[in-house]
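Engineer: pasting a predicted model and its sequence here:
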Amino acid sequence: PEYMGCNTKTLLTLASDRHGTYVAQACLPHLTPNPTALLALVTSVQGYTAMLGQHQCGTFFLQRLVGVLSTHYPGSGAACLLQEDILASLSMLVITEPGSRLVQAMLKDTQPTTVVRVARWVEENIKVAIVTKPAVYVACAVVEQIVERLGEEESWTSLLERLVLKF
């Protein structure tokens, strides 16, 4: 049957509950073959990623969703919408341990522009990135992503130098 939509309230309740998150995560492999269903799922969590991402249960679900999208539909509309929502809440997410893990998961397999945007956040908020333990991990993850790309083009070297000079 064609997937018609996603009940936002039910999804948010499941994803934010310590037992319900396992149910929500268990549903993801069943939705993976259906990009329309995944898009509906992403649309239903838009605007709620900061709330979900700052808590253990919610971040587990979102990390799993990020992983499904980056593995099966990299660069898709759904993946871009979810990344954009996470980036819009970056300042709130990087200061909590669960939020930091979500941002790190997003950085693992992402578009270069996402790496640049997170690097820019680190650069502009260096004091927070140095003193806040969860943000330190995000800074390390972004540096790792930049180092992995050093051979691609000179701009990565320039970005890395700018970040290092800030420290």
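Structural biologist: Perfect, I can see it now. Numbering: from 1, shown residues only.

Engineer: in the helix or strand harbouring Val66, which residues are buried?
Structural biologist: If you go by DSSP states H and E, Val66 is part of helix 56-72. Neighbour-count burial for helix 56-72 flags 57-66, 68-70 (criterion: 16 or more other Cβ atoms under 10 Å). Heads up, the C-betas are built off the backbone N, CA and C, glycines and all.

Engineer: quick one: distance of the helix or strand just after that helix to the chain centre.
Structural biologist: Remark: after helix 56-72, the chain's next helix or strand is helix 77-88, criterion DSSP H and E. Centroid displacement of helix 77-88 relative to its chain, using Cα atoms, centre = their mean, to the nearest Å, is 8 Å.

Engineer: wait, Leu160 touches Glu154, no?
Structural biologist: No - between Leu160 and Glu154 there is no contact under Cβ atoms under 8 Å: 10.7 Å.

Engineer: the two: which is more packed in?
Structural biologist: Neighbour totals were compared for Leu160 and Glu154, and Leu160 leads with 17 against 8 (other Cβ atoms under 10 Å).

Engineer: got the CA coordinates for stretch 160-167 in PDB?
Structural biologist: Extracted in PDB, the C-alpha atoms of stretch 160-167 (Å, rounded to 0.1, in the frame of the first residue of the first chain):
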ATOM      1  CA  LEU A 160      41.700  24.100   8.300                       C
ATOM      2  CA  GLU A 161      44.300  26.800   8.600                       C
ATOM      3  CA  ARG A 162      41.600  29.300   9.600                       C
ATOM      4  CA  LEU A 163      40.300  27.000  12.200                       C
ATOM      5  CA  VAL A 164      43.700  26.200  13.700                       C
ATOM      6  CA  LEU A 165      44.600  29.900  13.900                       C
ATOM      7  CA  LYS A 166      41.400  30.400  16.000                       C
ATOM      8  CA  PHE A 167      42.600  27.900  18.600                       C
END
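
Engineer: pLDDT below threshold where in the chain?
Structural biologist: Applying pLDDT under 70 to the chain flags residues 1-6.

Engineer: recalculate using a threshold of 50.
Structural biologist: 1-4 (pLDDT under 50).

Engineer: so which residue is dead centre in it?
Structural biologist: The structure's the chain has its C-alpha centroid closest to Met106; by Cα atoms, centre = their mean the separation is 3.5 Å.

Engineer: now stretch 131-143, how far from the chain's geometric center?
Structural biologist: Counting by Cα atoms, centre = their mean, stretch 131-143 comes out at 14 Å from the chain centroid.

Engineer: revised request: answer the last question for stretch 129-140.
Structural biologist: Here stretch 129-140 is found 16 Å from its chain centre; the criterion is Cα atoms, centre = their mean.
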